[in-house]
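J.: Have a look at this fold, sequence not included:
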């Protein structure tokens, strides 16, 4: 084998190794980015304001009208609703843009999202009419509808049941 052929072979091996290394780095970067996004999602919901807002919404009676919701919550409670619905909106947008996987959102929040939507639908409809803005809580609605679609195809199974056979590695 002459020196030129040897140099070309070494060059081809180096380029191939470089491409493999770059692909591995891109894959690692994507996994890291996804994990960081999930961690940020969790951190964003570990606030006292979010917890208080979610609790207040969960305590609302089913089928309450917008006026009843306003009366029950008062102005401070309505401020909490804005916080909660803005959070659901954010998750909806990030899910749509594939920054989060629907599986992770489902695992973390499908129940609270669906219950919030059910309880706040009359309130949301009223705000859309009041402000003549159909886009009010549009991503919250989109997100709730995605969760409803998933549950219509496969009913939710609690993690303690679904992963009963999980073993530590």
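T.: Looks like it arrived, so ask away. Just so you know, these numbers come straight off a predicted model, no measurement behind them.
J.: Where does pLDDT dip in this protein?
T.: 1, 41, 44-45 (pLDDT under 70).
J.: What is the longest helix seen in it packed up against?
T.: Scanning the chain for the helix with the most residues, using DSSP state H, yields helix 3-44. Judged by 3 or more Cβ pairs under 8 Å, 6 or more residues apart in numbering; DSSP states H and E, the packing partners of helix 3-44 are helix 66-96, helix 102-131. To be clear about C-beta, it is placed using only N, CA and C from the backbone, and glycine gets the same treatment.
J.: Mind putting those helices into a markdown table with distance to residue 162?
T.: What follows is the helices and strands packed on helix 3-44, written out as a markdown table (distance: least, Cβ to Cβ, whole Å):
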| stretch | distance to residue 162 |
| --- | --- |
| helix 66-96 | 21 |
| helix 102-131 | 10 |
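J.: Using a markdown table, please lay out those helices together with distance to residue 7 and mean neighbour count.
T.: Listed next are those as a markdown table, based on distance: least, Cβ to Cβ, whole Å; neighbours: other Cβ atoms under 10 Å:
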| stretch | distance to residue 7 | mean neighbour count |
| --- | --- | --- |
| helix 66-96 | 49 | 16 |
| helix 102-131 | 49 | 17 |
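J.: Can you say which of those helices is nearest to residue 24?
T.: Nearest of those to residue 24, taken as Cβ to Cβ: helix 102-131 at 23.7 Å.
J.: just the angle between that closest one and helix 3-44, please?
T.: Angle of helix 102-131 versus helix 3-44, following axes from the mean of the first three to the mean of the last three Cα atoms, to 10 degrees, is 50 degrees.
J.: next structured bit after helix 102-131?
T.: Sequence-wise, the next helix or strand downstream of helix 102-131 (DSSP states H and E) is helix 138-153.
J.: From the recorded domain assignment, give the ranges for the chain.
T.: 1-36, 45-162 (automatic domain parsing).
J.: got a list of what residue 136 touches?
T.: 124, 127, 128 (Cβ atoms under 8 Å, 6 or more residues apart in numbering).
J.: correct me, but residue 80 touches residue 53?
T.: Yes - using Cβ atoms under 8 Å, residue 80 is in contact with residue 53, at 3.8 Å.
J.: pretty sure residue 123 contacts residue 71?
T.: No - using Cβ under 8 Å as the test, residue 123 is too far from residue 71 to be in contact (11.5 Å).
J.: ok, back up a step: which one of the helices and strands packed on helix 3-44 lies nearest to residue 138?
T.: For residue 138, the closest of the helices and strands packed on helix 3-44 is helix 66-96, at 7.7 Å, according to Cβ to Cβ.
J.: Please consider this matter closed, and thank you.
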